[in-house]
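> Following is a predicted model, sequence given first.
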Amino acid sequence: MDKFTQKLRHWSYQRQGLLRPNSSLIDALHKVVAVYSAHPSGPLSLWARVQHFDKQEFINLDQHQLAVRLPAMRLSNHQMPAATAPYIIAATLPAKSSNAWAKRYAQRGLADADYQQWKLEILKLTTTPQTAKELKTQITFDADQLKFVLNRLSYEGDLLRIGSQSLRSNIIAYVATTHWMNWSEDHLTQLTQAAGLQWLAKAYFSAFAPARVKDFQWWAGINAGQAQAAIQTLDVVQLPNDYLILAEDAQAFEHFEPTLFAQNMVTILPQWDSYLMGYAPDGRARLVADEHLAKVYGKLGATGGNALGTLLVNGEVKGIWKHKFKGTQVQFELLFFDKPVAQTTQAVHIQLNEIGTLMEAKKITIT
């Protein structure tokens, strides 16, 4: 790894909050723009960025309306601060009034006329959070269509997902947005896409820079023209190899010395963590050596690969991990790319035991 790439890695690690400077979960969430909504990925991404993770504080992100769960970047479900959700949605999703949603769901057998009728029915049933299982007992239409109706309502911003109180469960509830949040019906749709993209570009380059136009494009799930237009609204400085950084951060980066890690610093990140998902497939050299890319991201398809759970040493991916629950027992499976030193292994085991306890496992095994 050359010195510039190493500098990128050390800077990004620190900028992503992985030194755990945050005292609250909402601060950590703002720092990375959004995290994946799925459990345990979302909570573990925040756990890796705070001094002390409190389960009730995480649940309160939903319950106290501090954060919302909506489709956003690359049409994937994310948890994001409620305060910044209108910008993120305007930037990353077609407008609610667009015919894109009718076309998308017509391909799935959901006729628009049926949807418009069933939409009203669902919104009447979700004045309080309801699971899909609960809704199936109340709806008048074919239960096989419920998934598509709920998905489209979520994409259009009319429904919010409410996470399970178990950090390892993905049984979510749905609630009508205007009944859950103190928002008007047009709260998520009043911004133009250009305004949303301008905000999102600034947020991205604050959290992920130095980065390239194509990195922002890939991360946001937008086209090249949109990415370029949004970046042109920013005050940025050009760095080598087409990298850009906000002008306000340029001096700090110039004087930044990649000597952050005096010793082996071990960090465990979950699947889809923002540190691993912030760059286009050909821009991940700061994170993982080329020969290990496929082990971390799998085959690079249309989405460019989704990162597995990772084991970092000094900010670089040195292995991957998976977990499997059976009742109250959890088994962690580790794969180091090279044999680690004893100190690294010990640190990994300590953190995995902390994760297992956080997910309320009664027995934890590590293989």
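Nice, I can see it.

> Which pLDDT value belongs to the closest residue to residue 208 other than its chain neighbours?
Nearest non-adjacent residue to residue 208, counting by Cβ to Cβ, 6 or more residues apart in numbering: residue 278, 4.3 Å away. Backbone N, C-alpha and C define where each C-beta goes, glycine included. Per-residue pLDDT puts residue 278 at 97.

> List phi and psi for residue 278.
Reported as degrees, to the nearest 10, the phi and psi values for residue 278 are phi -90, psi 0.

> Tell me which residues touch it, please.
Going by Cβ atoms under 8 Å, 6 or more residues apart in numbering, residue 278 touches 12, 204, 207, 208, 211, 215, 219.

> Closest one of those to residue 330?
Closest approach between the contacts of residue 278 and residue 330, by Cβ to Cβ: residue 12, at 29.7 Å.

> The closest one: which element?
According to DSSP states H and E, residue 12 maps onto helix 3-15.

> List the buried residues of that helix.
6, 7, 8, 9, 10, 11, 12, 13, 15 (16 or more other Cβ atoms under 10 Å).

> hang on, isn't the third one packed against residue 211?
No: with contacts defined as Cβ atoms under 8 Å, residue 8 does not count as touching residue 211, sitting 9.0 Å away.

> Identify the contacts common to these two.
residue 243.

> what's around residue 222, how many residues?
Per other Cβ atoms under 10 Å, the neighbour tally for residue 222 reads 22.

> List the contacts of it.
91, 92, 197 are the contacts of residue 222 under Cβ under 8 Å, 6+ apart.

> Whichever of those residues end up buried, select them in ChimeraX.
Buried subset of the contacts of residue 222, written as a ChimeraX selection, criterion 16+ other Cβ under 10 Å:
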select :91,92,197
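
> could I get the contacts of residue 222 as JSON lines with pLDDT and secondary structure?
Listed next are these as JSON lines, based on pLDDT from 0 to 100; DSSP: H, G, I helix; E, B strand; the rest coil:
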{"residue": "91", "pLDDT": "98", "secondary structure": "helix"}
{"residue": "92", "pLDDT": "98", "secondary structure": "helix"}
{"residue": "197", "pLDDT": "98", "secondary structure": "helix"}
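
> quick one: which of the contacts of residue 222 is nearest residue 318?
Looking across the contacts of residue 222 and measuring by Cβ to Cβ, the closest to residue 318 is residue 92, at 32.0 Å.

> Nearest residue to the closest one in space, please, no chain neighbours.
Per Cβ to Cβ, 6+ apart, closest to residue 92 is residue 72, 4.8 Å.

> One more: residue 364?
Using Cβ to Cβ, 6+ apart and skipping residues adjacent in sequence, the residue nearest residue 364 is residue 356, 3.8 Å away.

> Can you point out the buried residues in stretch 241-259?
243, 244, 245, 246, 249, 250, 253, 258.

> Among those residues, name the ones in strands.
Judged by DSSP state E, the subset of the buried residues of stretch 241-259 located in strands is 244, 245, 246.
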